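*Asks:* Let's see this in three dimensions:
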Amino acid sequence: GFFSGLTMDANPEAEGGASILKKKGYYVRIARRPPDRREVKQGWQPTVLEVDDDPELKKLIRTYLSLEGFRMRAALKRDDILIALRQQPPPDLILLDVQLPDANGFDLLAKMRHHPVLKSMPVIMLTAEATREAVLRGLQGGADGYITKPFEPDMLITAVKAVLGLTPAPPEKK
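*Replies:* Now for the predicted structure:
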């Protein structure tokens, strides 16, 4: 699978929350696993806030993640995002596009990482920005994942589950 190459031994990359960068054509797929696997409570439905301005893509993502048991919330503009972040329960993860009508996803990510409450909220950048510079900017800015459009829906689901700590860690390599 996509995460099979991940080991949690004492190399510096694993220390920093191992990131995997695999390129298949023009896809970039990165998902950092949290240090601890989340204990899933019976009936827990993770809430995902989707910040994107493409209505077709939003519908697709909402459909796939809803089928996987995620509760979906959407936002388009800066004000929508603030409202969505204040709603209860707070989102467990944010899917954040870079190109938004009145904001830049990288700037929003930077503001979140300096916010006392939002700094540890998992964020996956979901964007057409596939340059090496853009990917590095997202990861250095504190994104927990980076997926370029277009993408395979199952790959998005895998990344969301990994970032939320909902997938079992792969066996250690001997």
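
*Asks:* what about residue 160, neighbour count?
*Replies:* Each residue near residue 160 was counted by other C-beta atoms under 10 Å, and the total is 28. Bear in mind the C-beta positions are built from the backbone N, C-alpha and C, glycine included.

*Asks:* and it, what does it touch?
*Replies:* Taking C-beta atoms under 8 Å, 6 or more residues apart in numbering as the contact definition, residue 160 lies against 48, 65, 68, 70, 93, 95, 124, 145.

*Asks:* go with 10 Å
*Replies:* The contact partners of residue 160, by C-beta atoms under 10 Å, 6 or more residues apart in numbering, come to 31, 46, 48, 61, 64-65, 68, 70, 92-93, 95, 122, 124, 126, 144-145, 147, 166-167.

*Asks:* Of those residues, which belong to helices?
*Replies:* Among the contacts of residue 160, the ones falling in helices (DSSP state H) are 61, 64-65.

*Asks:* Now do the helices in the protein.
*Replies:* Here the chain has its helices, by DSSP H, at 12-15, 55-67, 78-86, 105-113, 132-140, 153-163.

*Asks:* Need the ones you listed in TSV (columns: mean pLDDT and distance to residue 99).
*Replies:* Formatted as TSV, the helices of the chain follow (pLDDT from 0 to 100; distance: least, C-beta to C-beta, whole Å):
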stretch	mean pLDDT	distance to residue 99
helix 12-15	33	29
helix 55-67	94	12
helix 78-86	92	13
helix 105-113	95	7
helix 132-140	92	11
helix 153-163	91	18
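
*Asks:* most neighbours per residue, which of those helices?
*Replies:* Highest mean neighbour count among these (mean count of other C-beta atoms under 10 Å): helix 153-163, with a mean of 20.
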